[in-house]
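> What follows is a predicted protein model with its sequence.
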Amino acid sequence: MDKKRLDTITVKEIAKIAGLSPYTVYAILSERKNCFASQKTKEKVKKIAKELGYRPNFIARSLKKGKTYTIGFICGSLNLETTLNRLEIITNYINKKNYHLLIGCSYKKSDLEEKLLEEFYYRKVDGIILISVGKRYKNKFLERLVEINFPIVSYTKIEGLDIDYVSTDYFYGGYLGGKHLIECGYKKIGFLGCALTDLSIKERFEGFKKALVDYKYSIDEKNFIILKSMEDEEILKSCEYILESEIDGIFAENDITALTLLQFAMRKGKKIPEELGIVGFDDIQFSKIYPLSLTTIKQPIEKISKEIFKILIKKIEGKDSKKYKILIRPELIKRETTRLSQNKKL
């Protein structure tokens, strides 16, 4: 066989080898219901096609059907367990629907996110699933996609943009975290997280503060440790501050931050959960085992991803024009890093 590209092998070439008409071969390879070739003939054609390395010309097919059967997936980071879980679930649904997936990572840069949106759109994807960088900024191209009702569904709300989304109710999750620490009897409760430019983090923090207000706890800004960055040195410096203060309960913005604090506190001889209670957010795999199992807020990733895919497909197929703004509540998972609840009531 010569060095011809595999995707240039044509139906006519397969038909010539099989001794059949190109129409019959096309009908077999595209599995048309009105193809009346025998099972033996179908198997023969598919075997020849496989041996030659034939692949359907999706571009040509899309010109006929007006669809590419491709969905774009844009995220801010690929090294987070929550992102990988979402991607795995979405990929599973996409495969079942015989779609293909293009993946883009913005590395939490708003300008790169905008370029990826443009790139996917001009590559004629049928729809886009977005995990936005989360910062408040003007993404002109995203605004335009929303204006023209291009099928796009986000995993989070985006401030100032009327976009379809299915999101964890981060405010409720933050409220659960604060409420649980209070019910466990901790007296001086703090928050540990990054700068509140990310809407999902901001809402966790606001929900946490609302729990303190509802329980009539005094709000002391010194107990709210807002990290300048997620660098290890910055996190460890904040952990040192927490241990030197009288804070005895911490709600962390995510499990990684919570586990870092947990490891640091145990290394310094702090008794967990007696002297310090810790609640994380996400319920990643490590939260179950290391070094104590972590009390955390579990995101409903499976449920959200399923809903996002269902909505996107309906919009791609033109079966739904309504706007979706869905919040799904997370769940408190009680483990070893908090005391037993004292069952305090509001």
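That came through fine. Not measured: the values here are computed from a predicted model.
> low-scoring stretches of the stretch 51-200 of the chain, by residue?
Along the stretch 51-200 of the chain, the model assigns pLDDT under 70 to residues 56-66, 134-137.
> how many other residues sit next to the closest residue to L292 other than its chain neighbours?
Closest residue to L292 apart from its sequence neighbours, by Cβ to Cβ, 6 or more residues apart in numbering: E336 at 4.2 Å. Every residue, glycine included, has its C-beta placed from N, CA and C. Using other Cβ atoms under 10 Å, E336 is surrounded by 14 other residues.
> same question, R267
By other Cβ under 10 Å, the burial measure for R267, its neighbour count, is 10.
> what are the phi and psi values for it?
Phi and psi for R267, reported as degrees, to the nearest 10, are phi -70, psi -30.
> domains of the protein?
Split into domains by automatic domain parsing, the chain comes to 6-56, 67-168+301-329, 170-299.
> can you list those in a markdown table and add distance to L340?
Shown next, in a markdown table, are these (distance: least, Cβ to Cβ, whole Å):
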| stretch | distance to L340 |
| --- | --- |
| domain 6-56 | 59 |
| domain 67-168+301-329 | 23 |
| domain 170-299 | 7 |
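> just those domains: most buried one?
Among the domains of the chain, the stretch with the highest mean neighbour count (mean count of other Cβ atoms under 10 Å) is domain 170-299, at a mean of 19.
> mind listing the helices in the chain by residue range?
11-18, 22-29, 39-52, 58-65, 81-96, 110-122, 140-147, 170-183, 199-214, 232-244, 255-267, 301-316 (DSSP state H).
> Now distance to F224 too, for the ones you listed, in JSON lines please.
Output for the helices of the chain, formatted as JSON lines (distance: least, Cβ to Cβ, whole Å):
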{"stretch": "helix 11-18", "distance to F224": "65"}
{"stretch": "helix 22-29", "distance to F224": "62"}
{"stretch": "helix 39-52", "distance to F224": "61"}
{"stretch": "helix 58-65", "distance to F224": "51"}
{"stretch": "helix 81-96", "distance to F224": "23"}
{"stretch": "helix 110-122", "distance to F224": "26"}
{"stretch": "helix 140-147", "distance to F224": "31"}
{"stretch": "helix 170-183", "distance to F224": "11"}
{"stretch": "helix 199-214", "distance to F224": "8"}
{"stretch": "helix 232-244", "distance to F224": "11"}
{"stretch": "helix 255-267", "distance to F224": "14"}
{"stretch": "helix 301-316", "distance to F224": "27"}
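> Looking at the ones you listed, which is nearest to V133?
helix 110-122 (5.3 Å; Cβ to Cβ).
> which helices and strands sit right next to the closest one?
strand 70-75, strand 100-105, strand 127-130, helix 140-147 (3 or more Cβ pairs under 8 Å, 6 or more residues apart in numbering; DSSP states H and E).
> Out of the ones you listed, which gets nearest to I256?
Nearest of these (Cβ to Cβ): strand 70-75, 16.5 Å.
> Pull that closest one out as CSV, backbone CA atoms only.
Only the C-alpha atoms of strand 70-75 are listed here, as CSV (Å, rounded to 0.1, in the frame of the first residue of the first chain):
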residue,chain,number,x,y,z
THR,A,70,-18.8,17.2,17.4
ILE,A,71,-19.1,18.9,20.9
GLY,A,72,-16.5,21.2,22.4
PHE,A,73,-15.5,20.9,26.1
ILE,A,74,-13.6,23.9,27.5
CYS,A,75,-12.2,23.9,31.1
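> Give me the residues contacting it.
Strand 70-75 has contacts (Cβ atoms under 8 Å, 6 or more residues apart in numbering) with 58, 83, 86-87, 90, 94, 99-106, 113, 116-117, 120, 123-131, 312.
> could you redo the last one with a cut-off of 7 Å?
Residues outside strand 70-75 that contact it (Cβ atoms under 7 Å, 6 or more residues apart in numbering) are 83, 87, 90, 94, 99-106, 113, 116-117, 120, 125-131, 312.
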